[in-house]
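[1] build me a model from this:
(2 chains)
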Amino acid sequence: MGVPFELTADGYELQWQVNYLSPYLFVSELLPLLLATASTSGTKDRVRIVNLSSDMTTALGPKHIFLNDVNMTDQKGVTVLL
Amino acid sequence: MLTMRCYNHRQRYSHSKQASIRHAKELNDRYSAQGNVSIRSSLYKGLLRNRRQLTLLPKHSGLTAYSLHPGLIQTNLQGKDPSFLGTLLQFSMKITPTVTPLEGSLTSLYAATSSEAPEKAQGKFILPVGKVSKSVDKWLEDRTGNWELWKHSERAVRGVGA
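    Below you'll find the predicted structure:
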């Protein structure tokens, strides 16, 4: 959390890959099994995916996703005195 | 420069966590029984090993997805932030009310196991414990943005994995 800027071997900013992209891939790989399981369980609420996020995203984060620069290399932020 | 940098990597953390919220919403939109995207879409076909598997699946799957804020938990999550703001946060964690890791798991458990969660909170952002937040509604309602994030991610992981 809040680690200094660093690119992974895959070329993504560390937090983007660890916190979001990897879970996206993980879920994508599991989807066929999850859906097959959901189809055989009698009830509709059996199979669930839970993403651990943070309230901080509403307080300190950007207002949208930077799809053209997910690593946020271009974002200089705001100079704040803290 | 130091303050600018620390503001930035905290922004990047928040950026990834916003994506996590949008991801859960998009998953729920695509695959919950109430979803509008048919699992017979070309995208879904791409996820299956072969077409035979597709015929075995019903039209609606009944999978639900959630995102959540677990609360301020007394772990070492903030310990890796070397910036001044990071140090400040580590200090504030010592003086503000926090919960134990055990208590911090309750919101996740609510989303994963509660019988009321699918009805009350599917696709939504949940706060401790089991409260549906309205603070991110603009992201939840941004169907286009969530779809674009999904397509971006799909391209990003293409060729990776099993």
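
[2] please count neighbours and contacts with C-alpha atoms only from this point.
    OK.

[3] which helix or which strand is home to B:Ser67?
    Using DSSP states H and E, the element containing B:Ser67 is strand B:63-68.

[4] list the helices and strands the very next helix or strand once past that strand packs on?
    Using DSSP H and E, the helix or strand that follows strand B:63-68 towards the C-terminus is helix B:84-95. Secondary-structure packing of helix B:84-95 (3 or more CA pairs under 8 Å, 6 or more residues apart in numbering or on different chains; DSSP states H and E): helix B:2-31.

[5] what packs against the helix it packs on?
    Packing partners of helix B:2-31 (3+ CA pairs under 8 Å, 6+ apart): helix A:14-15, strand A:47-52, helix A:56-60, strand B:63-68, helix B:84-95, helix B:137-140, helix B:143-156.

[6] which strands and helices sit next to the biggest helix by length in chain A?
    When chain A is parsed with DSSP state H, its longest helix is helix A:22-40. Applying 3+ CA pairs under 8 Å, 6+ apart, we find helix A:22-40 packed against strand A:47-52, helix B:42-47, strand B:63-68.

[7] and the ones you listed, which one's lowest on average pLDDT?
    Of all the helices and strands packed on helix A:22-40, the minimum mean pLDDT falls on helix B:42-47 (a mean of 50).

[8] looking at chain B, which helix or strand is least sure?
    Of all helical and strand segments in chain B, the minimum by mean pLDDT, DSSP states H and E falls on helix B:51-56, at a mean of 47.

[9] identify the residues contacting B:His23.
    A:Tyr24, B:Asn146, B:Leu149, B:Trp150 (CA atoms under 8 Å, 6 or more residues apart in numbering or on different chains).

[10] again, only using 7 Å
    By CA atoms under 7 Å, 6 or more residues apart in numbering or on different chains, the contact list for B:His23 reads B:Asn146.

[11] and the spatially most central residue of chain A, how far from chain B?
    Residue closest to the average C-alpha location in chain A (CA atoms, centre = their mean): A:Tyr20, at 2.1 Å. The spacing between A:Tyr20 and chain B, counted by CA to the nearest CA, to the nearest Å, is 6 Å.

[12] what are the phi and psi angles of that residue?
    Per-residue torsions, A:Tyr20: phi -120, psi -60 (degrees, to the nearest 10).

[13] good, wrapping up.
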